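**Q** Please find the sequence and the predicted model below.
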Amino acid sequence: MKLTMQLKLVPTDHQRAALLETMRAFNAAASYAAQVGCADHVFSQQAIHVRCYRELRDRFGLSSQMAVRAIGKAVETFRRDKTVCPVFRPDGAMVYDERLLGWKGPAHVSLLTLQGREIVAMVYGEYQAGFLPRLKGQVDLVYKYSTFFLYATIDIPEDAPIEPTRFLGVDLGIVNIATDSDGNAYTGERIERVRVRAATARQTYQSTHTKSAKRRLKTMAGRQARFQRWANHGLAKRLVAYAKDTKAALVLEDLTHIRSRITVRKSQRSKQHNWSFRQLREFLVYKAQPAGVPLLFVDPRNTSRMCHCCGSVDKQNRRSQANFSCLRCGHTANADINAARNLATRGGVTRPDLIASPGGQLACGW
């Protein structure tokens with residue numbers, strides 16, 4: 001399985017200036033190559049190369065391989081959409097392949113710039129250090145938060161697929177970020193506190209209009225998003241580890257386009273649109289694959305209104321956010337746990353070939 005690893009560069013002032021100059025020239029060249037392709041209605045690497053390779057080297061001062069990679073950046077964009085001529089940001093990502101980059105021990109990397117080779121120091125944590133021997137292929141030089149990073153592709157070995165004995169439904173929400181069919185709830189209270197604090201601070205500083213307030217806003221930018229990303233990483237890791245330890249296949253709701261299908265009161269919009277379920281789903285997908293845990297997505301329709309005991313569906317079954325009480329059979333339960341168990345059941349209906357108990361009954365995990 002391929003993953004992307006982030007390595008922070010620590011250049012000197014001279015190296016920093018050289019990298020910025022090279023990055024800006026590279027992106028200007030990529031924009032020019034895209035313009036040439038659009039003007040002549042050609043979108044392949046070879047066709048654009050013939051038309052502008054020499055111009056890229058003479059006008060922008062790129063090396064031969066940098067010119068090739070600049071054309072490649074434009075071509076990759078055309079593969080997504082040929083109707084729009086892209087213009088790349090001056091500090092957009094720059095591709096470095098094995099001809100432009102060389103690894104110099106565990107703490108330095110050699111990068112080609114317009115002023116020649118630069119040996120740049122890099123720093124990383126213990127987690128990244130374990131994967132350095134697996135670095136493979138090209139990397140992207142990225143400039144963000146006034147810092148240079150290398151995004152490198154690594155190959156991670158996958159564990160042998162587990163043989164699940166049951167389905168574990170996971171209901172996603174806002175009050176509880178996730179609740180599984182075994183009754184384990186992962187609260188979103190801490191995320192909500194951070195959201196409210198960040199929203200209040202932004203509102204206060206934006207209404208102040210002082211230079212110090214603007215500096216503070218710049219410092220705060222992205223902090224909430226980084227916290228939520230960290231929280232979702234941890235939650236995804238815990239869910240996958242629990243499923244693997246209990247030999248369960250994970251079953252999640254397919255919530256694609258849910259924001260276009262629901263409406264909430266104005267006072268609830270900020271809280272609703274802060275729900276990062278898509279990010280959590282992506283983390284679960286890439287963490288479950290190397291762990292060998294099967295992951296299914298099922299239709300979430302009526303899972304919060306259906307009684308998992310008798311199958312009755314009624315809007316009034318969901319008495320409140322936390323309480324479920326079936327009007328037909330009288331079954332009562334936590335609403336999120338009831339929904340998670342419905343998801344586990346649907347997982348068994350969707351993939352009956354994945355898990356079957358010796359008696360032929362599907363095991364749903366409670």
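**A** Cool, got the structure. Here the structure is a predicted model, which means the values were calculated and not measured.
**Q** Excluding sequence neighbours, find me the nearest residue to Ala322.
**A** Among residues not flanking Ala322 along the chain, Ala335 sits closest, at 5.8 Å (C-beta to C-beta, 6 or more residues apart in numbering). C-betas here are computed from N, CA, C, even on glycine.
**Q** What pLDDT is listed against that neighbour?
**A** What the model reports as pLDDT for Ala335 is 92.
**Q** One more: Gln138?
**A** So Gln138 comes in at 87 (pLDDT).
**Q** Next, give phi and psi for the closest residue to it other than its chain neighbours.
**A** Sequence neighbours aside, Asp97 is the residue nearest to Gln138 in space, at 4.1 Å (criterion: C-beta to C-beta, 6+ apart). Note on Asp97: its backbone torsions stand at phi -100, psi -170 [degrees, to the nearest 10].
**Q** Tell me who's in contact with Asp97.
**A** Counting by C-beta atoms under 8 Å, 6 or more residues apart in numbering, Asp97 makes contact with Gln65, Arg69, Gly137, Gln138.
**Q** Would you mind measuring from it to Arg57?
**A** To Arg57, Asp97 is 17 Å away according to C-beta to C-beta, to the nearest Å.
**Q** what's the answer for Ile355, then?
**A** 60 Å.
**Q** still on that earlier bit, of the contacts of Asp97, select the buried ones using a PyMOL command.
**A** Buried residues among those (16 or more other C-beta atoms under 10 Å), as a PyMOL selection:
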select buried, resi 69+138
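**Q** Could you dump the contacts of Asp97 into TSV and include distance to Phe283 and secondary structure?
**A** Listed next are those as TSV, based on distance: C-beta to C-beta, whole Å; DSSP: H, G, I helix; E, B strand; the rest coil:
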residue	distance to Phe283	secondary structure
Gln65	35	helix
Arg69	30	helix
Gly137	23	strand
Gln138	25	strand
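**Q** Please enumerate the strands of the stretch 51-200 of the chain.
**A** Using DSSP state E, counting those that start in this stretch, the strands of the stretch 51-200 of the chain run over 94-96, 101-104, 108-113, 116-123, 135-144, 147-155, 166-172, 176-180, 185-187.
**Q** So for the longest one, what gets flagged as buried?
**A** This means strand 135-144. Leu135, Gln138, Val139, Leu141, Val142, Tyr143.
**Q** Touching, the fourth one and Phe148? I think so.
**A** Yes. The pair Leu141 / Phe148 is scored as a contact, 6.6 Å apart, by C-beta atoms under 8 Å.
**Q** now the angle from the longest helix belonging to the chain to strand 116-123?
**A** For the chain, the longest helix by residue count, based on DSSP state H, is helix 13-40. Interaxial angle of helix 13-40 relative to strand 116-123 (axes from the mean of the first three to the mean of the last three C-alpha atoms, to 10 degrees): 110 degrees.
**Q** So for helix 13-40, what gets flagged as buried?
**A** 15-16, 18-20, 22-34, 36-38.
**Q** Just name whatever secondary elements it is in contact with.
**A** With contacts taken as 3 or more C-beta pairs under 8 Å, 6 or more residues apart in numbering; DSSP states H and E, helix 13-40 sits against helix 45-60, helix 64-80, strand 94-96, strand 108-113, strand 116-123, strand 135-144.
**Q** Determine which stretch of the ones you listed is the most buried.
**A** strand 94-96 (a mean of 23; mean count of other C-beta atoms under 10 Å).
**Q** ok now it, how far from the chain's centre?
**A** 21 Å (C-alpha atoms, centre = their mean, to the nearest Å).
**Q** Also stretch 163-172?
**A** That offset, for stretch 163-172, works out to 22 Å (C-alpha atoms, centre = their mean).
**Q** neighbours of Lys214, just the number please.
**A** By the criterion of other C-beta atoms under 10 Å, Lys214 has 13 neighbours.
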